[in-house]
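Participant: Next come a sequence and a model predicted from it.
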Amino acid sequence: MSSVFGKPRAGSGPQSAPLEVNLAILGRRGAGKSEDTYSSEETVDHQPVHLRVMDTADLDTPRNCERYLNWAHAFLVVYSVDSRQSFDSSSSYLELLALHAKETQRSIPALLLGNKLDMAQYRQVTKAEGVALAGRFGCLFFEVSACLDFEHVQHVFHEAVREARRELEKSPLTRPLFISEERALPHQAPLTARHGLASCTFNTLSTVSLKEMPTVAQAKLVTVKSSRAQSKRKAPTLTLLKGFKIF
Ligand SMILES: Nc1nc2c(ncn2[C@@H]2O[C@H](COP(=O)(O)OP(=O)(O)OP(=O)(O)O)[C@@H](O)[C@H]2O)c(=O)[nH]1
């Protein structure tokens, strides 16, 4: 009998299917979100995990939020330690997630990540500010350099998986099955209005309003060029789930 994230589960053996964890990376453009974005098979605490990453590309404020709010099991909110603007944006994202958690009465795992630690001499955001913001929203906090410290970044991703896993163990049936597209749902209107997130609309993609999330087997995976950090590590490729970033 193998353990599934520390808990024995009937019928699961070493060959059991990996846990699927969806992770959305949020943050202002340029914060370095895509530097280590990947979709991959990971092993976290001896458990196989298929980690799917949605790297959002908002210019400054949250946009088209529904696509990740109803999809992700955990959120990585990224800012750059050398950008006050990106830090301010990360606060908007955390507020958005907190509001969504309140409205859906779900606990939403989120981690705050200060990137570009190698640029610390140009800091515009102190570590204490990062700690304080994370404390305000009850999330884990890390400072990393995606360029220079892959192991640390990977550790953060694994922490995100652990956070997601905890929630999945608590309420496995609440995992999202659908992603909504195009039309704003009625309950989203007040969210947008209250936060002034005027651009948080649902105006993209196809004409269907509800679409079943692809399973890993159904999903079309595409290969894209290596990110700069990946290139430095000589990793050959990145794969991202079509429909979520590069499409
Ligand atoms: N010095 C330093 N530069 C970094 C780091 N991470 C990313 N960058 C650089 O920051 C710039 C923006 O990185 P991206 O990964 O494109 O940022 P992003 O947040 O994904 O931006 P969009 O893809 O436009 O949404 C690039 O020039 C990266 O090389 C880091 O840890 N340190």
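Facilitator: Received the coordinates, thanks.

Participant: drop to CA atoms for contacts and neighbour counts, all remaining ones
Facilitator: Noted.

Participant: near the ligand, which residues of the chain show up?
Facilitator: Residues of the chain lying close to the ligand by CA under 6 Å from any ligand atom are 29-35, 57, 115-116, 118-119, 145-147.

Participant: Buried among the residues you listed? Make that a PyMOL selection.
Facilitator: Here is the PyMOL command that picks out the buried ones among those, judged by 16 or more other CA atoms under 10 Å:
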select buried, resi 29+30+31+32+33+34+35+57+115+116+118+145+146+147
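
Participant: Quick one: mark the members of the residues of the chain next to the ligand that sit in strands.
Facilitator: Mapping the residues of the chain next to the ligand onto strands (DSSP state E) picks out residue 115.

Participant: Inside helices: which ones of the residues of the chain next to the ligand?
Facilitator: Of the residues of the chain next to the ligand, none are assigned to helices by DSSP state H.

Participant: which stretch of helix or strand covers the residue nearest to residue 61 when sequence neighbours are not counted?
Facilitator: Nearest residue to residue 61 in three dimensions, chain neighbours excluded: residue 89, at 6.1 Å (CA to CA, 6 or more residues apart in numbering). For residue 89, the element it lies in under DSSP states H and E is helix 84-104.

Participant: And the contacts of that helix?
Facilitator: Helix 84-104 is contacted from outside by 26-29, 31, 60-62, 69, 77-81, 107-108, 110, 112, 124-125, 133, 137, 191, 195, using CA atoms under 8 Å, 6 or more residues apart in numbering.

Participant: mean confidence for stretch 52-63?
Facilitator: Taken as a whole, stretch 52-63 has a mean pLDDT of 77.

Participant: Name the residues of that stretch that come out as buried.
Facilitator: Buried-residue list, stretch 52-63, by 16+ other CA under 10 Å: 52, 53, 54, 55, 56, 57, 58, 60, 61, 62, 63.

Participant: As TSV, these with secondary structure would be great.
Facilitator: Listed next are the buried residues of stretch 52-63 as TSV, based on DSSP: H, G, I helix; E, B strand; the rest coil:
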residue	secondary structure
52	strand
53	strand
54	strand
55	strand
56	coil
57	coil
58	coil
60	coil
61	coil
62	coil
63	coil
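
Participant: What residues does residue 135 make contact with?
Facilitator: Shown here is residue 135, which makes no contacts under the criterion CA under 8 Å, 6+ apart.

Participant: angle of whatever helix or strand it lives in against helix 84-104?
Facilitator: If you go by DSSP H and E, residue 135 is part of helix 127-137. Taking axes from the mean of the first three to the mean of the last three CA atoms, to 10 degrees, one finds helix 127-137 and helix 84-104 inclined to each other by 10 degrees.

Participant: Need the mean per-residue confidence for helix 127-137.
Facilitator: 98.
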